[in-house]
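K.L.:
no sequence on this one, just coordinates:
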């Protein structure tokens, strides 16, 4: 009997030790897991701080280029180089661990890379992030604008393309010059050019299924690059579009305009302008210092030439038309300081004037988009007198390094 008790005591002891060891292992795992999760969380937090520090540096330099006369003139002249105009900030947002350095270097007059390097101290170590942004300022302008379609981005292959896609004949262009500063591409559809010129500063591509039909027209590739049009949306100059406007709306006010609204003269929208599932007529020019978008299915959107004010749609940011059925008829210049996208499905889509964007695309099925190059309808929008200043365009092309 005593021997049995001794064996029982030993069993309990061994079991207790095993349970204790298991608990220690589980506890160590949980502690290790919690520590790893904490390290991952801290690393993500530091990376986020680094990113926003670098992005702040980009905008800091943009502000300097726009508001410092010496820096702005050097940027336009193409003389900025790394080191000469650097911005160095420490204790950013009152954080002793946060700092950034920003440089800018011209690649051409009015075009430059802005390079921002952020540093965030974590104990005795530091984390860094590099963000690059390409910027440009439109310099070209004039009443003799010869382009029926134009894509003016420069600096990388991601910008300045004009792409035509869809089914059947996607575009019929009558007169004028169709130009791209990068790649002019026809894909899976047909582009018909009558009495015009097709040109590209880089390359012209007609992919499998695509067709480019030239009637009494020529093509020229490669050509020199062409400066983007200069448009003064809202500078303090009395001749800017904002100061010449006959009516001004906020983004919300414009969005809430009722169906079948008619606007006359120069209409200025402060912010984005959206026309959603409604008919609208503009007798004159619609100017937007944000982006413009039209979405319709059977609705009509009309811009009519006005002898006193001209005609067109000018947007500092993107322009997007997505139309199924209905009618889009626009006199004048359709201008986008960013991405220009015209998408039509069975829509009666006609432009009497010209289109210009930073990076552009036209997609159509069930009927071609027709562009009738009409120089007298775009003269007011391109006239240097009406555009004494132009905005700095920031290209949506970012490169990040860690």
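P.N.:
The structure has been received and is ready for your questions. Predicted model, so just to flag it, every value in this text is computed and none were measured.
K.L.:
dump the residue contacts of the residue positioned nearest the centre of the chain.
P.N.:
The residue lying closest to the centre of the chain (CA atoms, centre = their mean) is residue 338, at 4.4 Å. For residue 338, the contacting residues are 291, 315, 316, 317, 318, 357, 358, 359, 393, 396, by CB atoms under 8 Å, 6 or more residues apart in numbering. From N, CA and C alone the C-beta is placed, and that goes for glycine too.
K.L.:
the helices in the stretch 151-300 of the chain, which residues?
P.N.:
Along the stretch 151-300 of the chain, the stretches classed as helices by DSSP state H, counting those that start in this stretch are 241-244, 251-255.
K.L.:
the strands in the stretch 1-150 of the chain, which residues?
P.N.:
87-90, 98-108, 111-122, 125-136, 147-151 (DSSP state E, counting those that start in this stretch).
K.L.:
redo those as TSV? Include mean neighbour count.
P.N.:
Formatted as TSV, these follow (neighbours: other CB atoms under 10 Å):
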stretch	mean neighbour count
strand 87-90	14
strand 98-108	19
strand 111-122	20
strand 125-136	18
strand 147-151	28
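K.L.:
just give me the lowest mean pLDDT stretch among those.
P.N.:
Across the strands of the stretch 1-150 of the chain, strand 125-136 has the smallest mean pLDDT, namely a mean of 85.
K.L.:
mind listing what that one pairs with, with the direction of each?
P.N.:
Within its sheet, strand 125-136 is paired with strand 111-122 (antiparallel), strand 393-401 (antiparallel), according to DSSP bridges.
K.L.:
angle of the longest one against strand 98-108?
P.N.:
Note on geometry: by axes from the mean of the first three to the mean of the last three CA atoms, to 10 degrees, strand 111-122 and strand 98-108 are set 170 degrees apart in direction.
K.L.:
how is this structure carved up into domains?
P.N.:
1-137, 147-394 (automatic domain parsing).
K.L.:
leaving out sequence neighbours, find the closest residue to residue 186.
P.N.:
Distances taken as CB to CB, 6 or more residues apart in numbering put residue 210 closest to residue 186, at 4.0 Å, once the chain neighbours are dropped.
K.L.:
the one you found and residue 289: what is the separation?
P.N.:
To residue 289, residue 210 is 36 Å away according to CB to CB, to the nearest Å.
K.L.:
try residue 49
P.N.:
For residue 49 relative to residue 289 (CB to CB), the value is 31 Å.
K.L.:
next: residue 323.
P.N.:
Residue 323 is 24 Å from residue 289, by CB to CB.
K.L.:
and if you look at residue 151?
P.N.:
In terms of CB to CB, residue 151 sits 21 Å off from residue 289.
K.L.:
who touches stretch 185-195?
P.N.:
By CB under 8 Å, 6+ apart, stretch 185-195 touches 161-175, 178, 204-217, 364, 368.
K.L.:
same question, stretch 90-105
P.N.:
Contacts for stretch 90-105 (CB under 8 Å, 6+ apart): 49, 53-54, 56-58, 60-61, 65, 75, 80-83, 85-89, 112-122.
K.L.:
off-centre distance for that stretch?
P.N.:
26 Å (CA atoms, centre = their mean, to the nearest Å).
K.L.:
end-to-end on it?
P.N.:
Start-to-end span of stretch 90-105 (CA to CA, to the nearest Å) is 22 Å.
K.L.:
in stretch 278-293, what's buried?
P.N.:
Using 16 or more other CB atoms under 10 Å as the test for burial, stretch 278-293 gives 278-280, 282-293.
K.L.:
tell me which two of the residues you listed sit farthest apart.
P.N.:
With CB to CB as the measure, no two of the buried residues of stretch 278-293 lie farther apart than 279 and 289, at 24.2 Å.
K.L.:
report the separation between residue 69 and residue 127.
P.N.:
Residue 69 sits 36 Å away from residue 127, going by CB to CB.
K.L.:
actually residue 67, not the one I wrote
P.N.:
31 Å.
K.L.:
got it, and residue 146?
P.N.:
In terms of CB to CB, residue 146 sits 51 Å off from residue 127.
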